[in-house]
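> Requesting a structural model of the entry that follows:
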Amino acid sequence: MEFHHERNRIYAAGPEGALLAEITFPEKEGVAVIDRTFVHESLRGQGVAGKLMEEAVAAIEAQGWKVGASCSYAVSWLEKHTRQEKKT
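The predicted structure follows:
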């Protein structure tokens with residue numbers, strides 16, 4: 001799946017242009033808050049949301065911003081992956 005990067009947004013679209021997956025992260029004062037993750041039901045359970053999170057965190061950190069989250073999935077994902085990263 002190919003992700004398209006825009007400012008504060010990463011998404012994937014189908015051949016007809018239909019939105020298949022999306023993550024948004026508006027930035028304010030150096031903190032980008034992941035406020036939405038969406039994966040079309042046909043793709044759920046395939047790790048697409050996790051891949052979106054990885055892409056978003058990398059994009060946010062590349063800008064020198066801190067990562068925040070208000071979306072429940074993003075909050076949970078960050079808690080799990082932050083703990084793992086700190087252990088290594």
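> Next, the residue most central in space within the chain: secondary structure please.
Nearest to the mean C-alpha position of the chain, counting by CA atoms, centre = their mean, stands residue 53 at 3.2 Å. Counting by DSSP: H, G, I helix; E, B strand; the rest coil, the backbone at residue 53 sits in helix.
> In contact with it, which residues?
Neighbouring residues of residue 53 by CB atoms under 8 Å, 6 or more residues apart in numbering: 23, 34, 37, 74, 77, 78, 81. For the C-beta atoms, the positions are set from N, CA and C on the backbone; glycine is no exception.
> switch the cut-off to 7 Å
Neighbouring residues of residue 53 by CB atoms under 7 Å, 6 or more residues apart in numbering: 23, 74, 77.
> ranges for the helices of this protein?
48-62, 72-87 (DSSP state H).
> Of the ones you listed, flag the one that's most buried.
Mean neighbour count, computed with mean count of other CB atoms under 10 Å, is highest for helix 48-62 among these, reaching a mean of 18.
> where in this structure is pLDDT low?
Residues of the chain meeting the criterion pLDDT under 70: 83-88.
> now with 90?
In the predicted model, the chain carries pLDDT under 90 at residues 1, 15, 82-88.
> thinking again about what came up before, would you mind giving the helices of the chain as TSV with distance to residue 42 added?
What follows is the helices of the chain, written out as TSV (distance: least, CB to CB, whole Å):
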stretch	distance to residue 42
helix 48-62	10
helix 72-87	18
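> Go through those and name the closest to residue 19.
helix 48-62 (12.3 Å; CB to CB).
> Need the CA coordinates for that closest one. PDB is fine.
Taking Å, rounded to 0.1, in the frame of the first residue of the first chain, the C-alpha atoms of helix 48-62 are listed here in PDB:
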ATOM      1  CA  VAL A  48      -2.500  -0.700   8.300                       C
ATOM      2  CA  ALA A  49      -3.200   1.500  11.300                       C
ATOM      3  CA  GLY A  50       0.100   0.600  12.800                       C
ATOM      4  CA  LYS A  51       1.900   1.400   9.600                       C
ATOM      5  CA  LEU A  52       0.100   4.800   9.500                       C
ATOM      6  CA  MET A  53       1.300   5.400  13.100                       C
ATOM      7  CA  GLU A  54       4.900   4.500  12.200                       C
ATOM      8  CA  GLU A  55       4.800   6.900   9.200                       C
ATOM      9  CA  ALA A  56       3.200   9.700  11.200                       C
ATOM     10  CA  VAL A  57       5.600   9.500  14.100                       C
ATOM     11  CA  ALA A  58       8.600   9.400  11.700                       C
ATOM     12  CA  ALA A  59       7.200  12.500   9.800                       C
ATOM     13  CA  ILE A  60       6.500  14.400  13.100                       C
ATOM     14  CA  GLU A  61       9.900  13.700  14.500                       C
ATOM     15  CA  ALA A  62      11.600  14.600  11.200                       C
END
